[in-house]
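[1] Got a sequence here, can you model it:
(3 chains)
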Amino acid sequence: MSTELSAGHVFQARVTLAQRWEQACFWLFRGATYLVLLCGAVVFLNIFVKGSRTVFQPTAPFINTAFFTESPESLHVFVWQGKKMEMGDREHRAFVAQHPEAAKIKTEDYVYSAGGIFPCIVGTVLLVVGSMTIALVLGVSAAVYLNEYARDGTFIRFVRLAILNLAGVPSIVFGLFGFGMFVLFFDWNVSLIAGWFTLAFMVLPVIITASEESLKAVPKGFREGSLALGATKWQTIRKNVLPYALPGILTSSILGIARVAGETAPIMFTAAYVVRDKLPWDVDKFSDFFFQGVMALPYHIYVVSSKIPQNEYTERVQYGTAFVFLLIVALIATTSIVLRNHLRNRYKW
Amino acid sequence: MDVPSAATSAGFLANKSKFHLLGLTLDDCIRVFFGGNAVVSVVVLALITIFLFKEGFGFFGQNEGNLRVYRQAGLEYVDIIRAQQDDHTALTRYLSDLRVRQFKTMVGAGKLSPAAANQALAGFDDFAGRFGDAVGPIRGIVSDLTEAATAIKDKFINVENHKEERRQLLAAGKAAAAAAVVIDNVDFSAELKPLLATLPAYKEANAEFSRQLTAVLADAPVLPAAELQVRMERFKQLVREYLAGFPVVEQKLAAWDYTRPVPWYQAFTSFIFGREWLTASFWQDWYGVIPLFIGTLMVSAVALVLAVPLGVGAAIYVNQIATATEQRFIKPGIEFISAIPSVVLGFFGIAVLGQALRALSQVTWLAWVPGFPFSERLNILTAGCLLALIAVPTIFTLAEDALNNVPRSFKEASFALGASRLQTIIKIIVPASLSGIISAVLLGLGRVVGETMVVLLCAGNRIAIPDFTAGLAVITQPVHTMTGIIAQEMGEVVHGSIHYRALFVVGMVLFFLSLLINYLAQRVVRRYRISIG
Amino acid sequence: MVTASTLMETRSPAPNLRPTLPAAEAGRPAAPAAPAGQILIDIDHVDFFYGASQALHDINLKVEDKKVTAFIGPSGCGKSTLLRCLNRMNDLIDGTRVARGSIKIRGIDIHRRDVDVIELRKRVGMVFQKSNPFPKSIYENITYGLRLQGVSNKARLDEIVEKSLRGAALWDEVKDRLHASGLGLSGGQQQRLCIARAIAVEPEVILMDEPCSALDPIATAKVEELIHELKTRFTIVIVTHNMQQAARCSDKTAFFYMGRLIEYADTQTIFMNPGNPQTEAYVSGRFG
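    Residues are numbered from 1 along each chain as shown, chains lettered A, B, ... in the order given. Modelled structure (predicted):
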């Protein structure tokens, strides 16, 4: 190519077809990225906007406290003296007691569409706390053993591989296992404790793998340095390994919490009830506490979105529940992301 | 420091008083604690596998029994005739489809009013009517035999229940009560005699049926439109083939023998290749995984088709093209999507996406899209779209990692040779990280295959192999999936029943499928590590 | 304690080993002349394996008290392996074993069953190739070993910290920021911090595994200077790649090649008048 053509000098910038093509491709990639974000945003905003109508209210205290503190009830819709009335079950009963003639009026009933989701929140919290306790104790200990104590033989490698692979097993399979083993074989029935163990074993591989990874990230020099100073193995682990692995373990366990809280399939037939009038602490014996089923947010969403029709009356509780649930899980996940980024910057060696 | 050497040297002999428990030092105790926890974890995780197998393998024995009863009680015999009847029904359907087309051409051309068209088709209707009615006697026989066979099966099941009762009583030590349980074994050959005795009657009816069809076929009406006449000819051809099959049916019936043993492998093959999943039926339960497997496959395929370009594209964009500011919000944004619980996505599918897609499909100028318009709100497409949203973050994160692992020097070398950014990406970065990307896609697939709530809520839950003759439009049909069926039916089954065990076998299939996917992903990555050096 | 040690002494009297000295060692002229040279570490016919591959072949070597002994040799010759045997750091690596021979420190075989490896490591400190300060403050780095031994008296800890840092020639540089992270120091300072950390527990022996390989010349000079000062108080065994370093700061030098001890003698002898042609080739820079 001659210099005359390139108007000036050899390095003269020109817009060529190849550059246009490159730009077009970049826009394609950019489009894909923003499309994904857009889809996520649509889901989130849809639930946020419609759910906030249930959760918030225009008057003080601006939050619909009843939704958070009451149990689900049936909603009765009927026409009373030319006015359309919507009442929860209890309210309706009181109303009928006051106005006996109202008993004859035909009502449209929608189950679970009135009241709140208090028992579901309680149930989810109980499930998460119990299962994470079990999973963390077992998981972190197992990781410490595998990474610090176990000799690296064929068996340990096999165990590690098996654990890694179990992390990819679908949650429903864990549910199946929990149902067969805890609910039927151990005869615990549908109960909190069956749910705890099922969920715990579901996240166990994830926690073990992530904890081991955090332990591995602690430089070998820390261990050698400590041992060379005459520390025992346990002193080394406690003072010079675990503290530095803890942030990583913490992050992964928070992600584990998000996963435990978010999963429906494993608790569907191990721990969750469609509806339960009693709250978990209403038990006769202490031991009954562990052997009772609970309501849980994710299962409640499944129930209200698949077992009752879609209309303006049921929509409130559907979106409200989804909103609260999404918010909780999102909060947990955000905490872990922020924590991780924060710690990643702080601990560098 | 100048301690006498003797005293100093003794220092590192383990003669100090230390904490001891059962002869173990503190360090040993701690080691045992950690080791114990590790053992518990490993044992329980192993138990999962063992338990799946324990519950699952029982299925094959029970299924064999199930298939044996199917044969011994004569259900199989009846189904031979029923198949013949079903084929006839299919032919009738072909005929009515033909009538609809005929009607449309007549009215559509504007020449005839609907009433006139109907009148013009009277001859055709008469023909179709006669064709349809001809099956009457056969249908009668099938219905009688169905009753008879069901009665034998019920009797057998009753006896089995009694046996079980006695066994339980004996196990409980109640010998007297056990002896009181009356068990009269079913003599299949005696029970089947009346059933088999109907063969001559059937043959007669069949001959008459054949005669009638031939007669009907002889004066089949000629259709005005040439293209429909082609179809009519095709119909005639089909009927002729159908008639030609009659002797085969009769031979099959004559040769049928209830004592012929059910081959051992059929319990497996009828599950793995079974095209029907039919439970709680009055007639015969079938546990064939194919419709569920295909459902899972279809949904996953749609999800991947959507998620792979988006996920990989986004990974390339963020890793190679985006500015630092963009990276800072895109990455957490996509990670945030992965935090949306699947049940919420499923709810979104029911409440919003299903409706929206259906509305979109009914837009007239989009009618050229295969499958549009569709009427089922919940179908493969709806579930696939949502699953794509689940798969994208997985694919994105892992693919981005893989891209990140490409040494900087590769990129710099490419730039130094005067390659543009796009050239560098396509020719250097992506090929170098290809196995990482493939493994990311595989793990995304694993995520999608194992997803339960979205498919349970949004895939439509129709247990049938979708109609692939529809071409691409097949993605607008509802299906059921392996994960979905477990979630839906597990709560309702009786512990230890064949149905319960069948669900465990489906779980086993899922288990192995996920192991396979994971294994492949790891293999691919291992190769990739070597290639990078 | 006393009974155990007396038992030790009777069990393995050092003089018995004399006749088994290898040719290379026996042939060195300066060895018996070492004046302060009380034998501290006695390595006797040691064979060492990593799994199936033998890393050390029949090593015989005696390290003298309050002297600096340097191990030199090309990469992979086994010098670091031998060093790590001396405080049994090799125990941490799976599949390693001393197949034959013994290592005795003050006459006690350190592989004996009743040896507490923790106590051993308290007495035989180590400084690593890559400086590895813990991500704690300088103060905590130094007190780490002491706290493990249960020393918690603040005044005493302060005293030891100062003493150790002065001992490691680091005090003046860090005395104003004792509670800043040890990771904030420069490479040379980090390595001296590690040395300070090692001497804080008052070991008898300090093993140094190529302590200067990651340092610039100025930092290296400081560490070498430090080694000079330390040898009045400690016995030092140093592994180094750098022959000038060995020549500068060691009293005795052992040359290893392919897992064998080729020559062990006074540093001067090794560098000026090596007895073995291989040693000569190496120290004159012809291979390695």
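[2] For the spatially most central residue of chain C, give me phi and psi.
    Nearest to the mean C-alpha position of chain C, counting by Cα atoms, centre = their mean, stands residue C:207 at 2.2 Å. When read as degrees, to the nearest 10, the backbone of residue C:207 gives phi -100, psi 130.
[3] beta partners of it?
    In this entry, residue C:207 is beta-bridged to residue C:126, residue C:237, by DSSP bridges.
[4] Model confidence score at it, please.
    As predicted, residue C:207 sits at a pLDDT of 91.
[5] so it touches residue C:124, yeah?
    Yes - counting by Cβ atoms under 8 Å, residue C:124 is a contact partner of residue C:207 at 6.4 Å. From N, CA and C alone the C-beta is placed, and that goes for glycine too.
[6] where do the contact lists of these two overlap?
    Counting by Cβ atoms under 8 Å, 6 or more residues apart in numbering or on different chains, the shared contacts of residue C:207 and residue C:124 are C:86-87.
[7] Just give the nearest non-adjacent residue to residue A:221, would you?
    The shortest distance from residue A:221 to any non-neighbouring residue, by Cβ to Cβ, 6 or more residues apart in numbering or on different chains, is to residue C:132 (3.0 Å).
[8] cool, and residue B:367?
    residue B:373 (6.7 Å).
[9] correct me, but the one you found touches residue B:362?
    Yes - Residue B:373 is in contact with residue B:362 according to Cβ under 8 Å; the separation is 4.4 Å.
[10] ranges for the helices of the stretch 401-533 of chain B?
    Ranges of helices within the stretch 401-533 of chain B are B:408-416, B:421-424, B:430-432, B:434-450, B:453-458, B:482-489, B:498-532, based on DSSP state H, counting those that start in this stretch.
[11] Out of those helices, which gets nearest to chain C?
    Proximity to chain C, assessed across these by Cβ to the nearest Cβ, is greatest for helix B:498-532 (21.9 Å).
[12] returning to that earlier point: any idea what the residue nearest to residue B:367 is structurally, helix, strand or coil?
    Put simply, residue B:373 is coil when judged by DSSP: H, G, I helix; E, B strand; the rest coil.
[13] low-confidence ranges in the stretch 401-533 of chain B?
    For the stretch 401-533 of chain B, residues meeting the criterion pLDDT under 70 lie at B:527-533.
[14] how close does the residue in it positioned nearest to chain A sit to residue B:372?
    Residue of the stretch 401-533 of chain B nearest chain A, by Cβ to the nearest Cβ: residue B:450 (2.7 Å). According to Cβ to Cβ, to the nearest Å, residue B:450 and residue B:372 sit 30 Å apart.
[15] With neighbour numbers in mind, choose between the two.
    The residue with more neighbours, out of residue B:450 and residue B:372, is residue B:450; 24 against 17, by other Cβ atoms under 10 Å in any protein chain shown.
[16] residues in contact with the more buried one?
    Going by Cβ under 8 Å, 6+ apart, residue B:450 touches A:168-173, B:483, B:510, B:514.
[17] contacting residues for the most centrally placed residue in chain A?
    The residue lying closest to the centre of chain A (Cα atoms, centre = their mean) is residue A:262, at 2.8 Å. Applying Cβ under 8 Å, 6+ apart to residue A:262 gives the contacts A:298, A:329, B:339, B:341-343.
[18] ok, 10 Å please
    By Cβ atoms under 10 Å, 6 or more residues apart in numbering or on different chains, residue A:262 lies in contact with A:124, A:128, A:171, A:297-298, A:325-326, A:328-329, A:332-333, B:339-344, B:453.
[19] Domain boundaries for chain A, per the record?
    Using automatic domain parsing, the domain parsing of chain A gives A:2-55, A:73-115, A:118-346.
[20] pLDDT averaged over the longest one - what is it?
    Per-residue pLDDT values across domain A:118-346 average out to 87.
[21] next one: the first one
    Averaging pLDDT along domain A:2-55 yields 83.
[22] is it anywhere near chain B?
    Yes - applying Cβ under 10 Å from any Cβ of the partner chain, one finds domain A:2-55 touching chain B at A:16, A:18-19, A:21-37, A:39-44, A:46-47, A:50.
[23] Relative to residue B:113, which of the contacts of residue B:450 is nearest.
    residue B:483 (53.1 Å; Cβ to Cβ).
[24] okay, now the residue lying closest to the closest one once chain neighbours are set aside: neighbour count?
    Of all residues not flanking residue B:483 in the chain, residue B:452 sits nearest, at 4.2 Å (Cβ to Cβ, 6+ apart). Per other Cβ under 10 Å, the neighbour tally for residue B:452 reads 29.
[25] Just say helix, strand or coil for the residue nearest to residue A:221.
    Looking at residue C:132 with three-state DSSP, the answer is coil.
[26] I'd like the distance between it and residue B:134.
    Remark: distance between residue C:132 and residue B:134 (Cβ to Cβ) = 93 Å.
[27] Looking at those two, which is more packed in?
    Each of residue C:132 and residue B:134 has its neighbours counted (other Cβ under 10 Å); residue C:132 has more, 24 against 20.
[28] So that one versus residue C:93, what's the distance?
    Per Cβ to Cβ, residue C:132 is found 17 Å from residue C:93.
[29] again with residue B:100
    Taking Cβ to Cβ, one finds residue B:100 at 81 Å from residue C:93.
[30] Which residue of those two possesses the greater neighbour count?
    Between residue B:100 and residue C:93, counted using other Cβ under 10 Å, the more crowded position is residue C:93 (12 against 8).
[31] ok, for the more buried one, nearest residue in space, not its chain neighbours?
    residue C:50 (7.4 Å).
[32] Please name the residues that touch residue 91.
    In the absence of a named chain, chain A is used. Residue A:91 touches A:73, A:75-76, A:85, A:114-115, counting by Cβ under 10 Å, 6+ apart.
[33] that's the other chain; I wanted chain C
    A:227, C:84-85, C:97-98, C:111, C:117, C:121.
[34] Please repeat the previous calculation with a cut-off of 8 Å.
    residue C:117.
[35] hang on, it in a helix?
    Yes - assessed with three-state DSSP, residue C:91 lies in a helix.
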